[in-house]
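**Q** Have a look at this fold, sequence not included:
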C-alpha cells in the first residue's frame, strides 16, 4: 500500500464533531477544530481516530 494511504490509516489523536442543525458528524485532527467550529460544529468526543478505515 502507498505511504499516503498508510498515513491516513494511522491511528492519531483527534476529535469527533457534530453539527446538530445539519445532522452531520465528522472526525478531524486538532488543527482543523476551529475551521469546523466556524461552520457550526461542536466537539462530541476526543479520542484516537483513523481518517480512513483499514
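**A** Noted; the coordinates are in hand. Note that this is a predicted model, so its numbers are computed, not measured.

**Q** list the buried ones in the strand or helix carrying residue 33?
**A** Residue 33 is part of helix 33-37, with elements assigned from DSSP states H and E. With burial defined by 16 or more other C-beta atoms under 10 Å, the residues of helix 33-37 counted as buried are 33, 36. Where you see a C-beta, it was placed from the backbone N, CA and C, and this is true even at glycine.

**Q** Downstream of the helix or strand bottoming out on mean pLDDT in the chain, the next helix or strand is which one?
**A** When each helix and strand of the chain is scored by mean pLDDT, DSSP states H and E, helix 3-9 comes last, with a mean of 78. Counting by DSSP H and E, the element after helix 3-9 in chain order, helix or strand, is strand 12-19.

**Q** sorry, back to before: contacting residues around the helix or strand following the helix holding residue 33?
**A** Sequence-wise, the next helix or strand downstream of helix 33-37 (DSSP H and E) is strand 42-49. With contact meaning C-beta atoms under 8 Å, 6 or more residues apart in numbering, strand 42-49 is reached by 11-20, 25, 27, 29, 33.

**Q** possible to save those residues as a markdown table with pLDDT and distance to residue 5?
**A** A markdown table is the format used below for these (pLDDT from 0 to 100; distance: C-beta to C-beta, whole Å):
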| residue | pLDDT | distance to residue 5 |
| --- | --- | --- |
| 11 | 89 | 14 |
| 12 | 91 | 14 |
| 13 | 95 | 20 |
| 14 | 96 | 17 |
| 15 | 97 | 22 |
| 16 | 96 | 22 |
| 17 | 97 | 24 |
| 18 | 98 | 27 |
| 19 | 98 | 28 |
| 20 | 96 | 32 |
| 25 | 96 | 23 |
| 27 | 94 | 17 |
| 29 | 94 | 17 |
| 33 | 97 | 24 |
